[in-house]
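**Q** just coords:
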Ligand code: PLP
């Protein structure tokens with residue numbers, strides 16, 4: 001049976017990348033050692049991390065005045081690292097409250113003594129639309145945090161809010177490399193790898209170099225300037241995860257880069273949203289203009305029926321469709337490595353289910 005993995009993360013990886021990892025695992029580039037065994041100080045690994053950075057720069061058009069850092073600790077550690085490194089003048093940031101991960105970021109910033117102003121919230125509409133700025137941004141803020149794609153709620157920014165001279169810091173964890181953004185619109189971007197890039201355990205930070213190096217006495221493992229100076233090899237980096245991410249970046253280039261990938265993702269998303277919008281059984285509550293290309297929550301409105309949808313899907317090889325516990329129902333995540341055939345299989349199944357379970 002063909003299976004399709006609709007998980008929100010860790011998520012589907014490109015099949016050719018899995019095949020290459022499998023083929024190369026016993027002996028990396030004829031070294032007689034697996035990639036997991038080679039030294040991070042070896043010339044072999046130096047090439048891996050240099051290529052990964054160069055390919056990421058090429059794919060995203062990252063200018064020379066931005067540093068690319070390879071961190072551990074997931075997106076969550078960056079909720080702490082970003083304020084420690086960048087909120088150094090006023091210890092005061094703004095944040096757009098677009099859902100669960102945005103509020104987690106606010107909590108972590110406050111834990112390290114940063115004042116957090118909520119500049120707009122989508123709580124009133126249960127996060128089914130994006131928040132907008134309530135008023136012009138106070139230019140004395142150190143930065144404004146936003147979540148470009150809200151993995152649980154299924155919303156995503158295409159147009160960015162205007163923040164004047166205050167830099168935007170983006171949690172791009174769930175639409176990194178799946179949708180194009182202009183790097184220069186941000187002071188910093190971060191993303192955990194485990195959706196569109198590679199194995200969990202790797203987190204990418206892209207940061208404008210004039211914003212770093214201001215913080216005093218940071219723990220070394222949280223210090224962007226130190227990581228920049230040491231080319232992300234202050235300590236042992238997650239060698240396997242960086243290697244696998246490097247293969248995904250090469251796969252992305254071979255697919256035509258991010259413009260082609262975004263177009264493919266738009267086509268896949270339209271297939272599912274068009275089905276949901278005409279369905280008499282299934283509903284997406286998310287405002288059409290704010291809908292994510294990556295994560296699509298939807299419901300029947302009856303939890304017992306949702307459970308049947310998910311069980312029947314699993315029987316057909318359509319895996320991990322259970323919605324996040326905060327919103328219930330179903331959620332389909334259509335990351336870069338999900339083929340259109342997987343979305344078609346899902347839509348066909350939902351249509352069959354609807355035909356046999358009229359509302
Ligand atoms: N930010 C967003 C948008 C996410 O979707 C997630 C996880 O799903 C996180 C942050 C937390 O990431 P991690 O588990 O890598 O710490």
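**A** Nice, I can see it. These figures come from a predicted structure and were not determined experimentally. Numbers count the residues shown, from 1 in each chain.

**Q** mind checking what secondary structure residue 117 has?
**A** Reducing the assignment at residue 117 to three states with DSSP: H, G, I helix; E, B strand; the rest coil gives strand.

**Q** show me what counts as buried in stretch 169-186.
**A** Using 16 or more other Cβ atoms under 10 Å as the test for burial, stretch 169-186 gives 169-181, 183, 186. For every residue, glycine as well, the C-beta is placed using N, CA and C.

**Q** please apply the same query to stretch 253-268.
**A** Neighbour counts using 16+ other Cβ under 10 Å place 257-258, 261-262, 264-265, 268 of stretch 253-268 among the buried residues.

**Q** how about the residues of the stretch 1-150 of the chain that lie near the ligand?
**A** Contact residues of the stretch 1-150 of the chain with respect to the ligand, defined by Cβ under 6 Å from any ligand atom, are listed as 9, 74-76, 101, 147.

**Q** rerun at 5 Å
**A** With Cβ under 5 Å from any ligand atom as the criterion, the stretch 1-150 of the chain meets the ligand at residues 9, 74-76, 101.

**Q** quick one: residue 270 from residue 67, how far?
**A** Summarising the geometry, the distance separating residue 270 from residue 67, computed by Cβ to Cβ, to the nearest Å, is 36 Å.

**Q** higher neighbour count, the two?
**A** The residue with the greater number of neighbours, taking residue 270 and residue 67 and applying other Cβ atoms under 10 Å, is residue 67; the counts read 22 against 13.

**Q** could you tell me the phi and psi values at that one?
**A** When quoted as degrees, to the nearest 10, the phi and psi of residue 67 stand at phi -100, psi 140.

**Q** quick one: contacts for the residue lying closest to it once chain neighbours are set aside?
**A** Ranked by Cβ to Cβ, 6 or more residues apart in numbering and with sequence neighbours excluded, the top spatial neighbour of residue 67 is residue 228, at 4.4 Å. Counting by Cβ atoms under 8 Å, 6 or more residues apart in numbering, residue 228 makes contact with 67, 69, 207, 209, 212.

**Q** and what about residue 228, helix, strand or coil?
**A** helix.

**Q** returning to that earlier point: list, out of the buried residues of stretch 169-186, those positioned next to the ligand.
**A** Those of those which are also neighbours of the ligand are 171, 173-174, as judged by Cβ under 5 Å from any ligand atom.

**Q** how about the helices of the stretch 251-359 of the chain, start to end?
**A** Defined through DSSP state H, counting those that start in this stretch, the helices belonging to the stretch 251-359 of the chain, from first to last, are 257-278, 303-315, 340-356.

**Q** check which helices and strands the first one sits against.
**A** By that I understand helix 257-278. In this structure, helix 257-278 makes packing contacts with helix 43-60, strand 295-298, helix 340-356, judged by 3 or more Cβ pairs under 8 Å, 6 or more residues apart in numbering; DSSP states H and E.
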